[in-house]
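Chemist: sharing a model prediction with you, sequence too.
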Amino acid sequence: MSIDLSSLWCQVLKILSSELNNDMSFNTMLKPAKLVSLDQNIATVEVPNIFLKQVIEKRYINLLKDILRSILKQDISIFFKVGDDANFSGTGLESYSSQILDRYDSKSFSEEPISSLNQKYTFDTFVVGNSNRFAHAASLAVAQSPARAYNPFFIYGGVGLGKTHLMHAIGHYILSQKPNYKVVYISSERFTNELINSIKDDKNVEFRNKYRTIDVLLIDDIQFIAGKERTQEEFFHTFNALHEANKQLVISSDRPPKEIPTLEERLRSRFEWGLITDIQPPDFETRIAILLKKASMENLTVPNDVINFIATKIETNIRELEGALIRIVAYSSLTNCPIDINLAEHVLKDILPDQKPKKITISDILQEVGRHFSLKVDDFKAKKRTKDLAFARQVAMYLCSELTDLSLPKIGEEFGGRDHTTVIHARDKIAQDMAKDPQLSMLIDSLKKKLVQS
Ligand SMILES: Nc1ncnc2c1ncn2[C@@H]1O[C@H](COP(=O)(O)OP(=O)(O)OP(=O)(O)O)[C@@H](O)[C@H]1O
């Protein structure tokens with residue numbers, strides 16, 4: 001793509017500043033960011049420090065994606081990296097940038113092996129609790145006997161629960177015992193991009209050699225290759241080559257193999273050959289232990305009541321748990337205020353305004369969809385069946401099945417006593433059409449966003 005990055009970024013910032021209507025957050029959070037590369041459909045945005053990186057990732061990534069999509073007419077993934085530019089220094093937060101594992105350096109295809117293990121992700125720094133005890137024990141067994149204990153080893157669990165950490169820990173452990181081993185950690189997204197680049201650069205053979213001659217392959221977020229035929233095909237052969245050569249494969253995903261949609265059967269069954277283990281969200285005691293460990297690793301002094309407060313507020317994502325701790329410490333150092341509950345409340349209120357997801361009702365959905373299609377709520381319940389109305393009704397049924405926990409018969413009942421099979425048909429039809437029609441997909445996204453935010 002030959003695009004002038006700075007003029008593209010200027011355009012993005014212009015739209016952003018008018019969308020946000022909020023000069024403060026625009027000036028402090030987003031203005032210092034800059035677009036440093038756009039490779040295939042991956043944009044890399046550099047930000048001055050980890051604090052801004054976390055805030056922008058949490059709050060503005062969807063908006064930025066929408067804007068880039070509207071300008072470039074294609075879906076763009078965005079990765080943030082903390083810049084080492086001198087212009088960015090002086091914020092007092094640079095020390096935190098070392099925590100970033102820059103997994104997404106998406107240059108052209110390179111034959112160099114990747115050995116990007118994060119020094120901080122070891123078994124020593126991993127806090128074991130009920131939620132991850134089995135995953136930890138199995139990871140250790142794999143690390144102690146690569147390709148002999150469990151192969152492949154498949155770890156799954158929700159966002160930010162330690163899957164990547166355990167994979168890196170396996171890699172470090174194996175390298176400490178067998179320094180000559182070729183251990184490769186790669187995200188599935190990068191694997192896909194390298195494959196695309198190797199095709200583009202006519203380097204298929206080199207790509208194959210690179211991935212089929214290693215001793216341990218740690219591949220993260222495998223759900224990303226679902227639906228990507230060529231990547232699945234390539235990965236299938238990589239998997240076979242490594243497995244047949246008795247090399248260790250460790251795979252992570254946000255869900256178990258059988259729940260990954262559009263994953264080829266032959267891959268799914270291979271993922272189930274070895275051991276599958278899950279990681280659950282940590283309980284309160286484990287959250288406290290993780291915060292204490294993190295504070296001591298970073299030499300941070302944080303009072304116990306503040307640690308307790310963070311552990312109470314953030315229940316499901318360890319990345320957010322750590323992020324909250326860092327934000328509180330960063331805020332205190334930038335403002336020279338002591339770390340106490342008041343400051344923690346202030347910082348977390350700002351960053352995590354609403355911990356509890358809003359409960360969305362059928363009536364909310366009918367009103368929102370009705371507003372979009374200029375229909376009255378009663379129209380959805382009526383027997384009338386014009387083409388436009390039928391489509392709006394299907395959209396509303398789809399949203400009801402996605403955003404409420406009501407049963408399908410109950411949803412049908414709310415739409416003028418329709419049968420639950422009508423709801424199933426509407427739900428599946430919209431889901432299938434969304435996969436083919438980006439405009440419909442954008443419409444559903446924007447309706448969802450409005451419903452969640454209203
Ligand atoms: N048990 C743990 N002990 C200490 N730190 C942990 C633990 N679990 C997770 N973390 C930390 O939480 C952060 C997020 O973990 P990680 O990146 O491994 O999550 P993930 O499950 O791979 O998330 P994603 O699905 O987003 O890739 C990391 O900084 C990691 O070190």
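Modeler: It's in.

Chemist: can you tell me the residue of the protein closest to the ligand?
Modeler: residue 162 (2.7 Å; Cβ to the nearest ligand atom). Where you see a C-beta, it was placed from the backbone N, CA and C, and this is true even at glycine.

Chemist: residue 133 is in contact with that residue, correct?
Modeler: No. Counting by Cβ atoms under 8 Å, residue 162 stays clear of residue 133, with 11.7 Å between them.

Chemist: ok, which residues in the stretch 201-350 of the chain are in contact with the ligand?
Modeler: Residues of the stretch 201-350 of the chain found near the ligand (Cβ under 6 Å from any ligand atom) are 221, 254, 290, 318-319, 322.

Chemist: what about those residues, which one has the most neighbours?
Modeler: Of all those, residue 318 has the most neighbours under the rule other Cβ atoms under 10 Å, reaching 25 neighbours.

Chemist: what's near enough to touch that residue?
Modeler: 160-162, 282, 287, 290 (Cβ atoms under 8 Å, 6 or more residues apart in numbering).

Chemist: next, it: phi, psi?
Modeler: Main-chain torsions, residue 318, degrees, to the nearest 10: phi -70, psi -30.

Chemist: so for it, what's the pLDDT?
Modeler: What the model reports for residue 318 is a pLDDT of 92.

Chemist: now swap in the one 10 residues further on and tell me
Modeler: The predicted local distance difference test score for residue 328 is 88.

Chemist: ok, it - contacts?
Modeler: 302, 306, 310, 339, 343-344, 347-348.

Chemist: cutoff 10 Å now
Modeler: Residue 328 sits next to 300, 302, 306-307, 309-310, 339-340, 343-348, 351 when contact means Cβ atoms under 10 Å, 6 or more residues apart in numbering.

Chemist: let's see which of the residues you listed end up in helices.
Modeler: Among these, the members falling in helices (DSSP state H) are 306-307, 309-310, 343-348, 351.

Chemist: can you pick the most crowded of these?
Modeler: residue 344 (25 neighbours).

Chemist: state the distance from it to residue 296.
Modeler: The gap separating residue 344 from residue 296 is 18 Å, by Cβ to Cβ, to the nearest Å.

Chemist: for residue 453, same thing?
Modeler: 38 Å.

Chemist: hey, where'd the strands end up in this structure?
Modeler: 34-39, 42-47, 77-82, 153-157, 183-187, 216-220, 248-253, 275-279 (DSSP state E).

Chemist: quick one, domains of the protein?
Modeler: 5-82, 123-278, 284-349, 362-453 (the TED database).

Chemist: adding distance to residue 116, write these out as JSON lines.
Modeler: As requested, the domains of the chain are exported to JSON lines (distance: least, Cβ to Cβ, whole Å):
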{"stretch": "domain 5-82", "distance to residue 116": "13"}
{"stretch": "domain 123-278", "distance to residue 116": "6"}
{"stretch": "domain 284-349", "distance to residue 116": "18"}
{"stretch": "domain 362-453", "distance to residue 116": "32"}
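
Chemist: rank those domains by pLDDT, which is bottom?
Modeler: Across these, domain 5-82 gives the lowest mean pLDDT, at a mean of 79.

Chemist: just give me how far that one sits from the chain centre.
Modeler: 17 Å (Cα atoms, centre = their mean, to the nearest Å).

Chemist: right, is it up against the ligand?
Modeler: No. Domain 5-82 lies apart from the ligand when judged by Cβ under 6 Å from any ligand atom; the minimum separation is 10.7 Å.

Chemist: again with stretch 133-140
Modeler: No. Stretch 133-140 lies out of reach of the ligand by Cβ under 6 Å from any ligand atom, never closer than 7.6 Å.

Chemist: so which bits of that stretch are buried?
Modeler: 135-136, 138-140 (16 or more other Cβ atoms under 10 Å).

Chemist: tell me the phi and psi of residue 416?
Modeler: Per degrees, to the nearest 10, the backbone of residue 416 is at phi 70, psi 30.

Chemist: what's the neighbour count on it?
Modeler: Counted with other Cβ under 10 Å, residue 416 comes out at 14.

Chemist: thought it was touching residue 380?
Modeler: Yes. If you go by Cβ atoms under 10 Å, residue 416 and residue 380 touch, sitting 7.3 Å apart.

Chemist: go ahead and confirm residue 341 touches residue 305.
Modeler: Yes. Assessed by Cβ under 10 Å, residue 341 is found in contact with residue 305 at 5.8 Å.

Chemist: the stretch 251-400 of the chain: helices as residue ranges?
Modeler: 265-271, 284-297, 304-313, 318-335, 341-351, 362-373, 377-381, 387-403 (DSSP state H, counting those that start in this stretch).

Chemist: let me have those in CSV, extended by distance to residue 178.
Modeler: Putting these into CSV (distance: least, Cβ to Cβ, whole Å) gives the following:
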stretch, distance to residue 178
helix 265-271, 25
helix 284-297, 26
helix 304-313, 38
helix 318-335, 29
helix 341-351, 42
helix 362-373, 56
helix 377-381, 63
helix 387-403, 47
